[in-house]
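1. Structure, please.
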Amino acid sequence: MKLSICTDVFGPIPFTEMLDKVVAYGIPAIELTAGGWGGCHFIPSAEELINNPDKLAAFKAEIDKRGLEISALNCSGNPLIDTPMGKAHSKTQHDTLKLAGLLGVKTIVTMSGLPAGAPGDKTPNWIVSTISWPEYDGFNYMAEAVKYQWEVAAEWWKEFCQCAKDNGVEKIAIEEFPGALVHNVRTFNKLVEVVGPELSDVLGLNLDPSHLMIQGAEPIAAARALGDKIYYVHGKDARPEQYNVDIDGLLENLPVTETKDRTWNYVAVGCGKDLKWWKEFFSVCSMMGYNGYVSLEMEDLTMSVEAGLQTSIDALKMTISQ
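-> The predicted structure follows:
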């Protein structure tokens, strides 16, 4: 496995300065955000690079001359909601496929998206309670909402998978993000099912262990269950704040800045799970056949960016399977 880094952590600094920082940290690869919710500090417009061969060549030359690789392009967003945001995210995700094809990047990282609960609604609806009830006058609105959401997802994702194949992208690594339709192994398998066998070979999971941790799942077990469907891995940790969990449980909707009151927080690698756990996690990923990139995503608000980066880099270098 090789170390990579999600470059949004560096903020809006010049592109070449960011690349020099990555080299200084001793990281050989970068994951660049090309659309969606990310900062898009270094690819402000995928469409601009697609339509300007000179800019594309200059962009790639800066990366190549530093000996860096592009581990993936990230375009995480919500293309499944019928709003201006959803339409914009859908367009940038398709543009990201085209850009990846031109750059020779074989993997994109994205999220499944989340539809509304019924036609005409404009607010995404994340249904994580039981759909067995409530029922009124013979109508179960929760079950119908979930059925509708998967119908929307199937239509969009079939087309997107075909587009990936058309552009030479071999792997769509879906990040199992809480608040998205695909947020764990079961819902990922459901997407594979509704897309169908002819197209779903390009679908895999971006196994981000932090997102499973905050749902109460065990990422090592998830890795075993996924097998060869691990298409990418994020090196990201999380910590349940046990005092608050004991009172309120893991479900959380406070802003990420309210760290002391939240029931969990994203933390630097090694500040949630210890290094023994991380060694086992990567060992199991390797057992399942994964030997790709581990991309550091640092979102610890309990320490400085610099401290969080160095802490995480040190932990990952000591634990990834090489």
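
2. C-alpha only now, for contacts and for neighbours.
-> Will do.

3. Please enumerate the helices of the stretch 151-300 of the chain.
-> 185-195, 209-213, 219-226, 242-248, 275-287 (DSSP state H, counting those that start in this stretch).

4. List the single closest residue to Pro12 in space, sequence neighbours excluded.
-> His41 (5.2 Å; Cα to Cα, 6 or more residues apart in numbering).

5. quick one, which of the helices of the stretch 151-300 of the chain is nearest to Met85?
-> Ranking the helices of the stretch 151-300 of the chain by their distance to Met85 (criterion: Cα to Cα) puts helix 185-195 first, at 22.1 Å.

6. Mind giving me the packing neighbours of the closest one?
-> Helix 185-195 is packed against helix 141-166, helix 219-226, with contacts defined by 3 or more Cα pairs under 8 Å, 6 or more residues apart in numbering; DSSP states H and E.

7. Format those helices as CSV; extra columns: mean pLDDT.
-> Compiled in CSV, these are given as follows (pLDDT from 0 to 100):
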stretch, mean pLDDT
helix 141-166, 97
helix 219-226, 98
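
8. can you redo the helices of the stretch 151-300 of the chain as CSV with distance to Leu56 and mean neighbour count?
-> Output for those, formatted as CSV (distance: least, Cα to Cα, whole Å; neighbours: other Cα atoms under 10 Å):
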stretch, distance to Leu56, mean neighbour count
helix 185-195, 33, 17
helix 209-213, 33, 22
helix 219-226, 36, 18
helix 242-248, 48, 13
helix 275-287, 34, 19
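
9. Any idea which of these gets closest to Ser321?
-> Among those, if distance is taken as Cα to Cα, the winner is helix 275-287, at 5.8 Å.

10. what does the closest one contact?
-> 219-220, 223-224, 227, 230, 270, 291, 315, 319-321 (Cα atoms under 8 Å, 6 or more residues apart in numbering).

11. can you list contacts of the helix or strand bottoming out on mean pLDDT in the chain?
-> When the helices and strands of the chain are scored by mean pLDDT, DSSP states H and E, helix 46-50 comes last with a mean of 91. The contact list for helix 46-50 (Cα under 8 Å, 6+ apart) reads 34-35, 55-56, 92, 95-96, 98-99, 102.

12. can you give me the strands in the stretch 1-150 of the chain?
-> According to DSSP state E, counting those that start in this stretch, the stretch 1-150 of the chain carries its strands in the segments 2-6, 29-33, 69-74, 107-110.

13. Would you reformat the ones you listed as TSV and include mean neighbour count?
-> Putting the strands of the stretch 1-150 of the chain into TSV (neighbours: other Cα atoms under 10 Å) gives the following:
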stretch	mean neighbour count
strand 2-6	23
strand 29-33	25
strand 69-74	24
strand 107-110	26
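
14. got these as CSV, with distance to Val194 and mean pLDDT columns?
-> Shown next, in CSV, are the strands of the stretch 1-150 of the chain (distance: least, Cα to Cα, whole Å; pLDDT from 0 to 100):
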stretch, distance to Val194, mean pLDDT
strand 2-6, 30, 98
strand 29-33, 27, 97
strand 69-74, 23, 98
strand 107-110, 18, 98
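
15. Export those strands as JSON lines, with columns for distance to Thr302.
-> Output for the strands of the stretch 1-150 of the chain, formatted as JSON lines (distance: least, Cα to Cα, whole Å):
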{"stretch": "strand 2-6", "distance to Thr302": "19"}
{"stretch": "strand 29-33", "distance to Thr302": "24"}
{"stretch": "strand 69-74", "distance to Thr302": "25"}
{"stretch": "strand 107-110", "distance to Thr302": "26"}
